[in-house]
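J.: Next input, structure requested:
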Amino acid sequence: MEVSIDRLTKHYGRKIAVDCVSTVLKPGMYGLLGENGAGKTTLMRMLCAILEPTSGEVLLDGREVSSMGADYRDLLGYLPQDFGYYPNDTAEEFLLYMAALKGIPRNRAKKRVKELLETVGLQDVAAKKIKSFSGGMKQRVGIAQALLNHPKILVLDEPTAGLDPKERVRFRNLISDYAKDRIVILSTYIVSDIEAIADEVLLMRKGKLVSQGTVPELTKRAEGKVWELAVSPAEAARWQKKEAVANLRHEGDQVILRILSDDRPAEEAVCCETTLEDLYLQSFRE
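T.: Below is the predicted model of the structure:
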């Protein structure tokens, strides 16, 4: 299975939301990173054939998805940023309703819904109304509905928003295992989620796909550009104005700055190992 995105573009009047994006996706986990407004959600909606592109196309094994109709939708699982639900439905009722919309026979749907409620840790509250759930619990219902039809292409727009650290680890393990023989695309602003599980990372900026590769490939590009420097608390504010500081921490009477710079910022600065977050911040540091 192969999804080809060919020169995909979306305009809203004079605004270019997605600008001539081309890439090829094969089974595996893809992390989509970018600032708010970078075009991630628009790209995902076009990939799911929810939004019609201004130009370009999405192909599944050589077939244009816009012409495939229900055949393509049957392969898709999608979790938007804000998924709609009926607040007076219980978690079980809502998932059974979504299963019906996806054309899953009721006897199979009941079994699948039970499995997924256990998978996302909601089996004990299956009979409770969604309006009583916390934000993280609602998000888990959303994740479950995206998985109902065993999708071959799973598109998740900020799925870990609202999840606590324990829930995020559970989700990462679930999705990482799921991506073995499927295409999974995950957009998030939590860089550590992508760094932990993504086979490849796609970096978007101002509607363009500016980088794509494995985490080691991408972080290698920032080698020799990340430094640690110990300064006094009084000097820390001056350095923050002068340089791109990715992080700071206090150690005793000193402040340790993590600085992004093409050149050694000071003689005593020590070059350190690059992370995906360093690369991300370096890409948008202006």
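J.: Which parts of the stretch 151-286 of the chain are helices?
T.: When secondary structure is read from DSSP state H, counting those that start in this stretch, the stretch 151-286 of the chain shows helices at 165-178, 191-197, 215-220, 233-242, 276-283.
J.: Among those helices, which comes closest to Gly135?
T.: With CB to CB, the closest approach to Gly135 among those belongs to helix 165-178: 10.7 Å. For glycine as for every other residue, the C-beta is placed from the backbone atoms N, C-alpha and C.
J.: quick revisit: which of the helices of the stretch 151-286 of the chain has the highest mean neighbour count?
T.: helix 276-283 (a mean of 21; mean count of other CB atoms under 10 Å).
J.: Who are the packing partners of that one?
T.: Using 3 or more CB pairs under 8 Å, 6 or more residues apart in numbering; DSSP states H and E as the contact test, the elements touching helix 276-283 are helix 191-197, strand 200-205, helix 215-220, strand 244-251, strand 254-260.
J.: and the ones you listed as a markdown table, adding mean pLDDT and distance to Thr23?
T.: Output for these, formatted as a markdown table (pLDDT from 0 to 100; distance: least, CB to CB, whole Å):
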| stretch | mean pLDDT | distance to Thr23 |
| --- | --- | --- |
| helix 191-197 | 83 | 16 |
| strand 200-205 | 93 | 7 |
| helix 215-220 | 90 | 14 |
| strand 244-251 | 90 | 27 |
| strand 254-260 | 93 | 26 |
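J.: Present these as JSON lines; the columns should include distance to Cys271.
T.: Output for those, formatted as JSON lines (distance: least, CB to CB, whole Å):
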{"stretch": "helix 191-197", "distance to Cys271": "20"}
{"stretch": "strand 200-205", "distance to Cys271": "23"}
{"stretch": "helix 215-220", "distance to Cys271": "14"}
{"stretch": "strand 244-251", "distance to Cys271": "14"}
{"stretch": "strand 254-260", "distance to Cys271": "10"}
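J.: which one of these lies closest to Glu235?
T.: Per CB to CB, nearest to Glu235 of these: strand 254-260, 7.8 Å.
J.: what's the angle between the closest one and helix 233-242?
T.: Orientation of strand 254-260 against helix 233-242 (axes from the mean of the first three to the mean of the last three CA atoms, to 10 degrees) gives an angle of 10 degrees.
J.: What pairs with strand 254-260, parallel or antiparallel?
T.: Sheet partners assigned to strand 254-260 using DSSP bridges are listed as strand 226-231 (antiparallel), strand 244-251 (antiparallel).
J.: buried ones in the longest one?
T.: Applying a neighbour-count criterion of 16 or more other CB atoms under 10 Å, the buried positions in strand 244-251 are 244-246, 248.
J.: if we look at it, which residues are touching it?
T.: For strand 244-251, the external contacting residues (CB atoms under 8 Å, 6 or more residues apart in numbering) are 226, 230, 233, 236, 239-240, 255-261, 277-278, 281-282, 285.
J.: Look up which residues are beta-bridged to Val260.
T.: In this structure residue 260 is Leu, not Val. Bridge pairing for Leu260 - DSSP bridges - gives Val226, Ala244.
J.: Tell me who's in contact with it.
T.: 222, 225-227, 243-246, 278, 281-282, 285.
J.: Kindly report the same for Lys129.
T.: Residues near Lys129 by CB under 8 Å, 6+ apart: 87-90.
J.: Recalculate using a threshold of 10 Å.
T.: Counting by CB atoms under 10 Å, 6 or more residues apart in numbering, Lys129 touches 86-91, 93-94.
J.: Need phi/psi at it.
T.: phi -70, psi 140 (degrees, to the nearest 10).
J.: Same question for Asp74.
T.: Asp74 adopts backbone torsions of phi -60, psi -20, taken as degrees, to the nearest 10.
J.: what are the ranges of the strands in the stretch 51-200 of the chain?
T.: 55-60, 63-64, 76-79, 153-157, 183-187, 200-205 (DSSP state E, counting those that start in this stretch).
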